[in-house]
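Participant: what's the 3D shape of this:
(one chain, ligands or ions: 1)
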Amino acid sequence: VTALEPLACRSYVGLVTTYLEHELDEPTASAFEQHTLICEGCVRYLEQIRTTMSLVSGRAAPSTSPSPRVGPEPAFAEVFAYKFLAPGRLGPFTGFAWPEHAWVSVTGRPRACRRGVHACRIGDLPYWINEELWVVELGEPVVRHADKVVSVAGRLDRRVAGWTGDAAERLARHCAVRVRDRACDALRAARLGDEADRLDSAPDDELAEQLGALAERAGGARAACEYGAVAFEALRDPPAAAAAGAAYVAALAAAQAGGITARDAERGDQARWLQRELGLPGDGA
Ligand SMILES: [Zn+2]
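Facilitator: Presented below is the predicted three-dimensional model:
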């Protein structure tokens, strides 16, 4: 995420689905790929949507790194964390099919994004939203990074039953409504209170169009309205993609309104929503 280029990220998010369906025209696809080179947040979001969409199309998730393998139980375990997987217990970025209950290990020292079993603390969950949520047991040593933990070995312990399509839809709406509320605040600050009142009472399925049309004449509230439009468009995607998309747009909208601190607070709100609604026990991290 780059707070300096909110317009670029906003456009990017709106184009991801079309890009993955190879429906963008040549100049737009080229601009899209340029942004992919410079924006870490959008790259991560693209990968998230790529894996959630691979389910819908029935295509296998792309394999981008060597797969881990089933291995022996490590000497030290009992560190519990969480892991989002694509349907069928597939690793979102490796395509690795996780066995139930068996230990999976990699050789050598764990390295973030290259080698190792990747998992989440509760605070990391909003960055990795996918179809299936599992509790994983990790073998020591566990290396802690800013938005994930990495280990040499892991084992799926149990699936989080509460993370269903319905829950994903509710999270997506929760995030989109927060983006709408930011747009309403920005409209009121721009003395467009009547427009804000109309948005407050509009049905969800009209908000993408209303916010998009309003953006054109919203003055200082333009960016906030555009984020709102993109967030409600995201609700039309399949549930897990909708949740990942609306959550990412909510973080971008927060960054636009209040910088990095507001963005991190927004991700914190999403993590607390997941913990509360899914009844996740704390992870001590
Ligand atoms: Zn971006």
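
Participant: Do you have the helices of the stretch 101-250 of the chain handy? List them.
Facilitator: Here the stretch 101-250 of the chain has its helices, by DSSP state H, counting those that start in this stretch, at 165-189, 193-201, 204-215, 222-234, 239-278.

Participant: And these: which comes nearest residue 157?
Facilitator: Closest to residue 157 of these is helix 239-278 (C-beta to C-beta; 14.9 Å). To be clear about C-beta, it is placed using only N, CA and C from the backbone, and glycine gets the same treatment.

Participant: Next, the contact list for the residue nearest to residue 209 when sequence neighbours are not counted, please.
Facilitator: Here the nearest residue to residue 209 in space, its sequence neighbours aside, is residue 229; by C-beta to C-beta, 6 or more residues apart in numbering that works out to 7.7 Å. Contact criterion C-beta atoms under 8 Å, 6 or more residues apart in numbering gives 207-209, 211-212, 215 as the residues in contact with residue 229.

Participant: Could you do residue 10 as well?
Facilitator: Under the criterion of C-beta under 8 Å, 6+ apart, the neighbours of residue 10 are 223, 226-227, 230, 249, 252.

Participant: ok, now how distant is it from residue 139?
Facilitator: When distances are taken as C-beta to C-beta, to the nearest Å, residue 10 and residue 139 turn out to be 41 Å apart.

Participant: what about the helix or strand harbouring residue 11, average pLDDT?
Facilitator: Under the assignment given by DSSP states H and E, the secondary-structure element containing residue 11 is helix 6-20. What helix 6-20 shows for mean pLDDT is 80.

Participant: What residues of that helix count as buried?
Facilitator: In terms of neighbour count (16 or more other C-beta atoms under 10 Å), helix 6-20 has its buried residues at 6, 8-17, 19.

Participant: Dump those into CSV; add distance to the ion as well.
Facilitator: Putting these into CSV (distance: C-beta to the ion, whole Å) gives the following:
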residue, distance to the ion
6, 9
8, 6
9, 3
10, 8
11, 9
12, 5
13, 8
14, 11
15, 11
16, 11
17, 16
19, 13
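
Participant: In this structure, which residue is most central in space?
Facilitator: By C-alpha atoms, centre = their mean, the mean C-alpha position of the chain lies nearest to residue 244, the distance being 3.5 Å.

Participant: Let me know the pLDDT of that residue.
Facilitator: Residue-level confidence at residue 244 comes out at 95, pLDDT.

Participant: And for residue 48?
Facilitator: pLDDT for residue 48: 79.

Participant: what's the burial count for residue 265?
Facilitator: Residue neighbour count, defined by other C-beta atoms under 10 Å, stands at 12 for residue 265.

Participant: Could you verify my assumption that it touches residue 255?
Facilitator: No. At 10.3 Å, residue 265 and residue 255 do not qualify as touching, with contact defined as C-beta atoms under 8 Å.

Participant: Now for the closest residue in space to residue 142 that isn't next to it in sequence: which residues touch it?
Facilitator: Nearest residue to residue 142 in three dimensions, chain neighbours excluded: residue 151, at 4.7 Å (C-beta to C-beta, 6+ apart). When the contact criterion is C-beta under 8 Å, 6+ apart, the partners of residue 151 are 79, 110, 116-117, 119, 138-143.

Participant: Return the set of residues that bridge with residue 151.
Facilitator: Residue 151 has these beta-bridge partners by DSSP bridges: residue 117, residue 142.

Participant: what about it, distance to residue 102?
Facilitator: In this structure, residue 151 lies at 15 Å from residue 102, with C-beta to C-beta as the measure.

Participant: How about residue 215?
Facilitator: Residue 215 sits 51 Å away from residue 102, going by C-beta to C-beta.

Participant: who's more crowded, those two?
Facilitator: Neighbours were counted for residue 215 and for residue 102 using other C-beta under 10 Å; residue 215 has more, 19 against 12.

Participant: ok, and what's touching stretch 153-163?
Facilitator: When contacts are defined by C-beta under 8 Å, 6+ apart, stretch 153-163 is touched by residues 71, 73-74, 77, 80, 82-83, 89, 98-106, 117, 119, 132-139, 277-280.

Participant: since we're on the residue of the stretch 51-200 of the chain found nearest the ion, how many residues are nearby?
Facilitator: Sorted by distance to the ion under C-beta to the ion, the residues of the stretch 51-200 of the chain start with residue 127, at 14.0 Å. Residue 127 is surrounded by 22 other residues when neighbours are defined as other C-beta under 10 Å.
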